[in-house]
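Engineer: okay, sequence plus prediction incoming.
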Amino acid sequence: MTLRIIFFGNSQSVFSNRHFHTLWQTPCDLVGVVDSPPTKRGSTNPLTNPFQSFRELAPQRGVPIFEPPTPNMPAFVSEISDLSPDLFIAVGYTNILQVKILSVPRILAVNFHASLLPAYRGKHPVFWCLRNGDPWSGLTVHVMDADVDKGDILYQVRVRIRKDDTVPSLYDRIMIKSVELVKHLIEDTENDALLRRPQNEVGASYFSSITKEAFRLDWSGEAEKLRRWITITPGECYTDIAGKQVYLLDAEIVKTDDRSDPGEILYLGKAQGVIAVGNGALSLRYVTKDGDKFTFPELCRKLGYKQGDSVLL
């Protein structure tokens with residue numbers, strides 16, 4: 001039996017597109033592709049050239065592409081019901097599928113979620129996992145039901161987190177281990193060999209959207225936490241210096257016996273500076289302000305700061 005499949009994804013997400021590429025190369029009858037609406041295509045793992053989007057590939061085989069504002073509209077549910085799908089495969093799709101549309105596929109609706117469920121249900125799981133300093137991340141393939149990210153687990157892969165991981169680097173290792181699960185899912189579905197296990201609520205957590213305020217740095221925080229925040233999203237975390245938002249591109253922990261107040265500049269060299277934080281100090285090299293890149297010492301001197309000054313004033 002050749003499965004009739006509808007793919008749900010985000011054309012601006014490399015996470016969606018890399019899994020779609022595996023689907024594209026796997027024997028099946030791809031009868032439709034559903035893209036996230038344009039207003040919801042922002043991603044913590046954006047698609048970059050030369051990787052080809054599923055919006056470019058699907059028309060090559062005459063596969064229709066849909067982009068409903070919400071997939072739960074009765075007219076859209078009816079439209080894809082007419083395609084008689086056996087399986088929904090969702091990877092990085094940004095709208096929630098409700099009960100009526102989830103009942104459309106003959107066999108199952110399945111989601112690829114980049115966390116070790118039940119941990120990090122919801123949005124941006126890789127970001128939040130890194131932000132919280134977890135030692136492991138991964139991906140779960142689960143059945144979709146009425147509750148978000150709570151359906152039975154079909155497959156799961158684990159990935160060790162590294163100290164220097166960014167959101168893209170961790171996503172990349174997760175995808176390397178998970179893209180072949182698309183083939184396994186199709187083969188096991190065809191052979192009626194899917195094994196389902198309910199999620200255990202022990203360790204369950206839910207996270208939502210990332211706001212700009214989540215990137216604001218508080219120098220009274222712990223050195224390792226601040227280093228990690230800056231490292232996982234370089235150029236996103238920021239602080240206010242002289243009334244200007246300054247974005248940090250890198251940070252390293254510096255051993256020091258200095259007990260200066262958080263925010264005090266302990267050292268300004270040529271290429272790097274050291275700033276006191278809650279339980280130690282961080283070395284900072286590169287920053288941006290108003291889109292321009294500077295070394296941290298260069299910007300401090302440009303704004304009139306010297307060693308011993310506090311950037312919190």
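Structural biologist: In hand now; what should we look at? Residues are numbered from 1 along each chain as shown.
Engineer: grab the nearest non-local neighbour of D188.
Structural biologist: Leaving out its chain neighbours, the residue that sits closest to D188 by Cβ to Cβ, 6 or more residues apart in numbering is L194, at 4.9 Å. In short, each C-beta sits where N, CA and C put it, glycine included.
Engineer: oops, could you answer that again for L303 instead?
Structural biologist: Nearest non-adjacent residue to L303, counting by Cβ to Cβ, 6+ apart: A242, 4.5 Å away.
Engineer: next one: phi and psi at that neighbour?
Structural biologist: When read as degrees, to the nearest 10, the backbone of A242 gives phi 50, psi 40.
Engineer: didn't it look like it was pressed against C300?
Structural biologist: No - counting by Cβ atoms under 8 Å, A242 sits too far from C300 to count as a contact (9.3 Å).
Engineer: before we move on, back to that, can you pull the contacts of the residue nearest to D188?
Structural biologist: For L194, the contacting residues are 108, 154, 185, 188, by Cβ atoms under 8 Å, 6 or more residues apart in numbering.
Engineer: any idea how far the first one is from V31?
Structural biologist: Relative to V31, L108 is positioned 15 Å away (criterion: Cβ to Cβ, to the nearest Å).
Engineer: for G122, list the residues it contacts.
Structural biologist: 148-149, 206-208.
Engineer: what's around L116, how many residues?
Structural biologist: L116 is flanked by 21 other residues according to other Cβ atoms under 10 Å.
Engineer: so how far is K225 from it?
Structural biologist: Going from L116 to K225 by Cβ to Cβ gives 21 Å.
Engineer: next one: K255
Structural biologist: 17 Å.
Engineer: buried ones in stretch 69-82?
Structural biologist: 71-72, 76-77, 80 (16 or more other Cβ atoms under 10 Å).
Engineer: what does it rub up against?
Structural biologist: Identification of contacts with stretch 69-82 by Cβ under 8 Å, 6+ apart yields 6, 8, 32, 34, 37, 66, 68, 95-98, 100-101, 104.
Engineer: closest to V246 out of those?
Structural biologist: Checking the contacts of stretch 69-82 against V246 with Cβ to Cβ, the nearest one is P37 at 34.0 Å.
Engineer: surely the closest one touches E67?
Structural biologist: Yes - contact criterion Cβ under 8 Å: P37 and E67 qualify, at 5.8 Å.
Engineer: show me the shaky parts of this structure.
Structural biologist: Residue ranges of the chain with pLDDT under 70: 49-50, 313.
Engineer: at 90 what do you get?
Structural biologist: Scanning the chain for pLDDT under 90 picks out 1, 40-52, 146, 209, 242-244, 255-260, 312-313.
Engineer: any chance you could list what contacts stretch 40-54?
Structural biologist: By Cβ under 8 Å, 6+ apart, the residues outside stretch 40-54 that reach it are 7, 9-18, 20-21, 24, 33, 35, 92, 94-95, 124, 126-127, 167-168, 171, 210.
Engineer: among those, which lie within helices?
Structural biologist: Among the contacts of stretch 40-54, the members found in helices (DSSP state H) are 14-18, 20-21, 24, 126-127, 167-168, 171.
Engineer: make CSV from the residues you listed and add distance to L47 and neighbour count to it.
Structural biologist: CSV is the format used below for these (distance: Cβ to Cβ, whole Å; neighbours: other Cβ atoms under 10 Å):
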residue, distance to L47, neighbour count
V14, 5, 20
F15, 9, 26
S16, 8, 28
N17, 6, 25
R18, 9, 21
F20, 11, 27
H21, 12, 16
W24, 15, 19
V126, 16, 27
F127, 17, 22
V167, 14, 20
P168, 11, 16
Y171, 12, 24
